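# make a model of this:
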Amino acid sequence: MDIFYTIDEKYLQAVEEFRYGESPKCLQLLNEILATDPSYARAWYLAGQIHYQYLNDYQQAGYCFKTCNELEPTFPDVYEPYIKLLAFLNMDKHLTAVKQQALQMPGVDHAVIWNLLGQYAERHLNLAEARHCYEKAYVKVIVTEQMEEIESSLERVATKQARKAAYQYSLS
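As a prediction, the model looks like this:
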């Protein structure tokens with residue numbers, strides 16, 4: 001039986017369990033942490049990850065990410081999965097608010113955030129907005145693989161825009 005002396009030690013054990021794919025054990029540790037200290041923001045974050053990635057419980061994941069964000073808005077790790085979830089659930093109003101927070105937060109990878117926003121706009125056929133977001137992502141990117149992905153996205157959007165323009169008719 002493991003004995004943990006502090007909440008931080010218990011959290012680190014939960015992180016290890018998460019990394020090794022032991023989500024039930026991780027969730028048990030997180031629930032113990034949150035029962036002891038409901039203001040432990042990082043436990044909310046990790047619980048959100050489990051609910052989102054493994055349990056597909058999007059409502060609970062959203063609650064966990066939102067709680068983490070409210071408790072510790074300067075915690076950069078929460079923004080990427082939170083924005084992914086909000087985009088997946090088409091929660092425009094929340095997405096806009098969280099996006100604004102994320103893009104002002106040090107430590108958040110702005111290229112990733114702009115890329116996610118571009119994907120969201122593209123899925124909703126807002127091609128001009130998608131192009132704008134991908135261009136913002138391209139300016140911020142520093143990883144070659146991400147740069148290639150964004151270039152591909154820009155080409156895809158340009159092709160869609162050209163095809164859409166080719167099929168627009170006017171009645172004159």
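# in which helix or strand would I find the closest residue in space to residue 94 that isn't next to it in sequence?
Excluding its sequence neighbours, the residue lying closest to residue 94 (Cβ to Cβ, 6 or more residues apart in numbering) is residue 86, at 5.2 Å. Where C-beta positions appear, they are placed from N, C-alpha and C, glycine not excepted. Residue 86 is part of helix 79-88, with elements assigned from DSSP states H and E.
# for the protein, what helix or strand is lowest in average pLDDT?
helix 144-166 (a mean of 92; mean pLDDT, DSSP states H and E).
# list the buried ones in that one?
146, 149-150, 153-154, 157 (16 or more other Cβ atoms under 10 Å).
# hang on, the earlier thing: how about the helix or strand following the helix holding residue 86: buried residues?
Per DSSP H and E, the first helix or strand lying C-terminal to helix 79-88 is helix 92-104. Buried residues in helix 92-104, counted by 16+ other Cβ under 10 Å: 94-95, 98-99, 101-102.
# give the contact list for residue 158.
residue 131 (Cβ atoms under 8 Å, 6 or more residues apart in numbering).
# how far away is it from residue 37?
Per Cβ to Cβ, to the nearest Å, residue 158 is found 50 Å from residue 37.
# same check on residue 69?
Distance from residue 69 to residue 37, by Cβ to Cβ: 17 Å.
# so between the two, which is more surrounded?
Higher neighbour count among residue 69 and residue 37: residue 69, with 22 against 13, using other Cβ atoms under 10 Å.
# wait, that one sits on residue 80?
No. Here residue 69 lies out of contact with residue 80, judged by Cβ atoms under 8 Å, at a distance of 11.9 Å.
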